[in-house]
Structures are given as C-alpha cells and as structure tokens.
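> Just need the structure, nothing else, for what follows:
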Amino acid sequence: MTDFTIHTQETAPEAAKPLLEKSQSAFGMIPNLHAVMAEAPTLLDGYQVLHKLAQETSFSAEELTVVWQTINVEHACHYCVPAHTGIAKSMSVRDDLIEELRNDETLSDSKLNTLKQTVLAMTRGRGHVEGAQLNAFFEAGYKQQQLLEIVLILAQKVMSNYTNHLAETPVDEPFKKFDWSPK
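Purely as a prediction, here's the structure:
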C-alpha cells in the first residue's frame with residue numbers, strides 16, 4: 001500500500017497550486033480528492049475541466065445526478081458517493097431519487113431508470129451497449145448528444161473513482177454524514 005499525500009497549497013507541486021486555488025474558490029475548501037490529484041497536476045487539471053463540462057451538458061440536475069451516482073455506485077467509490085450525495089442535495093435533487101441511487105435500486109421515474117440502465121450498460125460494457133438498450137434510451141426521449149455526454153461524464157468519474165481507490169481518499173468532513181459503503 002502506498003500512502004498518498006493530501007496536498008495543501010504549501011505542499012503541492014508548483015503546477016498544481018493555481019488548480020488548488022481554483023478548487024478553494026469553487027468549493028470553499030480543497031476537497032481531499034483534489035488534494036490527492038494535485039500530485040499529478042495534469043490529472044487535476046483534466047478532472048477540473050471535465051467536471052465543469054459535465055455541469056454544462058444538456059442533462060438536468062436529476063439526470064446529471066443519475067449519471068454521476070450510477071457510475072460512482074457501480075465503481076463502489078467510498079468517496080464519490082457521499083460527495084455526490086451532498087452535491088445532489090445542493091442542486092435540490094429529490095431525496096427519494098438520491099436514496100434510490102445510493103441503494104442501487106430501480107428508479108421510480110421510468111425515464112431516469114432508462115438513463116441509469118444505459119449508464120450501467122455503457123460502464124459495464126466499456127462503451128459497448130446492446131441495441132435494445134440504445135433503443136430504450138432513444139425511445140425514452142434521449143438523443144445522441146446525451147449518449148455522448150455520458151461518455152464525457154464516465155471519463156470524469158473514472159478519473160475520480162480510480163484515484164480514490166488507489167489513494168483511499170478520506171471523505172471530506174462536510175460529506176461524512178452521507179457515509180456510504182457498497183451492498
């Protein structure tokens with residue numbers, strides 16, 4: 001096991017310092033994930049860019065939460081599930097949807113459940129999605145744009161989920177109340 005450094009503004013590599021300032025400004029703190037990623041400034045930079053772009057997709061707050069949390073739960077990310085629970089609450093996502101996602105349940109909203117199943121198929125199939133699932137996705141009202149936006153968000157979540165697995169990133173204090181572990 002390798003111990004990963006949770007960098008501060010003082011200990012971070014020079015190239016990461018402005019990125020950590022950006023995190024501090026955006027979140028009012030430096031999330032531990034960002035503090036770990038600072039060891040590889042290009043990783044942190046890429047993650048920040050993808051996070052911003054994920055928020056600029058055509059997905060609603062609920063849909064974005066479905067995509068993020070479906071991937072987080074599928075990857076069993078001890079850090080991202082609690083963090084995205086807090087993010088979802090700050091975006092006024094319904095508590096019942098948040099709990100359905102955290103518990104890996106069938107979603108009560110059929111359109112959102114189709115989105116969840118498509119995200120799972122893409123994640124598990126490494127981009128290969130069966131025609132029946134794609135048809136269900138499009139029949140639910142989603143377009144090719146949203147299918148490709150899932151790819152963007154999946155790339156973002158691979159960066160964070162895998163980093164957290166490697167570093168065993170401690171959950172930030174504000175998100176500890178949303179502690180989560182896989183079933």
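
> Mind giving me the packing neighbours of the lengthiest helix in the chain?
Across the chain, the longest stretch assigned as helix under DSSP state H is helix 144-167. Packing contacts for helix 144-167, counted by 3 or more Cβ pairs under 8 Å, 6 or more residues apart in numbering; DSSP states H and E, involve helix 32-37, helix 41-55, helix 61-74, helix 80-90, helix 110-124, helix 131-139. Yep, even glycine has a C-beta here, placed from its N, CA and C like the rest.

> Could you identify which of those helices is most buried?
helix 32-37 (a mean of 26; mean count of other Cβ atoms under 10 Å).

> Let me have the helices and strands packed on helix 144-167 in TSV, extended by mean pLDDT and distance to residue 147.
Formatted as TSV, these follow (pLDDT from 0 to 100; distance: least, Cβ to Cβ, whole Å):
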stretch	mean pLDDT	distance to residue 147
helix 32-37	98	27
helix 41-55	98	15
helix 61-74	98	11
helix 80-90	98	21
helix 110-124	98	7
helix 131-139	98	7
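
> contacting residues for the nearest residue to residue 77 once chain neighbours are set aside?
For residue 77, ignoring the flanking residues on the chain, the nearest one in space by Cβ to Cβ, 6 or more residues apart in numbering is residue 161 at 4.2 Å. Counting by Cβ atoms under 8 Å, 6 or more residues apart in numbering, residue 161 touches 71, 72, 75, 77, 80.

> Quick one, which of the helices and strands packed on helix 144-167 gets closest to residue 179.
helix 80-90 (5.8 Å; Cβ to Cβ).

> Work out the gap between the next helix or strand after the closest one and the centre of the chain.
As assigned by DSSP states H and E, the chain's next helix or strand after helix 80-90 is helix 95-102. Using Cα atoms, centre = their mean, to the nearest Å, the mean C-alpha position of helix 95-102 is found 15 Å from that of the whole chain.

> Check which helices and strands helix 95-102 is in contact with.
helix 61-74, helix 80-90.
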